[in-house]
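**Student:** Quick one: sequence and predicted model below, then my questions.
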Amino acid sequence: MADKIKQIQQQIKSKIENGDELLAVISYVPLVGWIIVSLKSQKNDPLVEFHKDQAKEINLFIVLVYIVLWFLENFPLFRWLFGENQLLHPLTETVWILSLLGYLYVTFVGIYKAFNDEVWSYPFRETIKEKIEEIYKRFIKNKQDKS
């Protein structure tokens, strides 16, 4: 048992001394981790860049969900339906709780994978990125057509 503990301690020590895994793990700190890593990272390590980008996407998603739910609960046009003690307020609370649990799950799995020097994408990452890029290109094209 003592040998196993020493082996785990050696693994942790080697990963902290290397620094790349530590930066990849720091990128998953909620809301500011990927910003810190963007400022601290001098070299272009693919592992750090991957986890930094993924953490940024995850954090931007949870912020977007929060903004949409806040807007539904507080904007006068929707407040009568989604506001506190209203008909659909349990729906917004459920969406918030589920998205927060999903955010925490994906974040902790990302931290675990980053610490173990692995590249792991959250489910449907590439599909979501392609759809967003398609919408963005369509928006730019429509804007250019109007000009």
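**Tutor:** Received, thanks.
**Student:** For the residue positioned nearest the centre of the chain, give me its contacts.
**Tutor:** For the chain, the residue sitting closest to the mean C-alpha position, by CA atoms, centre = their mean, is residue 58 at 1.5 Å. Residue 58 makes contacts with 28, 103, 106-107, 110, 122, as judged by CB atoms under 8 Å, 6 or more residues apart in numbering. In this view, the C-beta of every residue, glycine as well, is placed from N, C-alpha and C.
**Student:** Residue 125 now?
**Tutor:** With contact taken as CB under 8 Å, 6+ apart, residue 125 is in contact with 54, 57.
**Student:** Compute the distance between it and residue 97, please.
**Tutor:** Separation of residue 125 from residue 97 (CB to CB, to the nearest Å) stands at 23 Å.
**Student:** Give the buried residues for stretch 87-104.
**Tutor:** Going by neighbour count (16 or more other CB atoms under 10 Å), the buried part of stretch 87-104 is 89, 92, 96, 99, 102-103.
**Student:** Can you tell me the element the residue nearest to the centre of the chain falls in?
**Tutor:** Taking DSSP states H and E as the criterion, the element that holds residue 58 is helix 46-74.
**Student:** which residues touch the next helix or strand after that helix?
**Tutor:** Following the chain from helix 46-74 toward its C-terminal end, the next helix or strand by DSSP H and E is helix 76-82. Applying CB under 8 Å, 6+ apart, the set of residues contacting helix 76-82 from outside is 71-73, 86-89, 91-92.
**Student:** quick one: the helices in this protein?
**Tutor:** 2-18, 20-26, 33-40, 46-74, 76-82, 89-115, 125-146 (DSSP state H).
**Student:** Redo these as JSON lines? Include mean pLDDT.
**Tutor:** Written out in JSON lines, the entries for these read as follows (pLDDT from 0 to 100):
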{"stretch": "helix 2-18", "mean pLDDT": "69"}
{"stretch": "helix 20-26", "mean pLDDT": "80"}
{"stretch": "helix 33-40", "mean pLDDT": "82"}
{"stretch": "helix 46-74", "mean pLDDT": "88"}
{"stretch": "helix 76-82", "mean pLDDT": "77"}
{"stretch": "helix 89-115", "mean pLDDT": "89"}
{"stretch": "helix 125-146", "mean pLDDT": "82"}
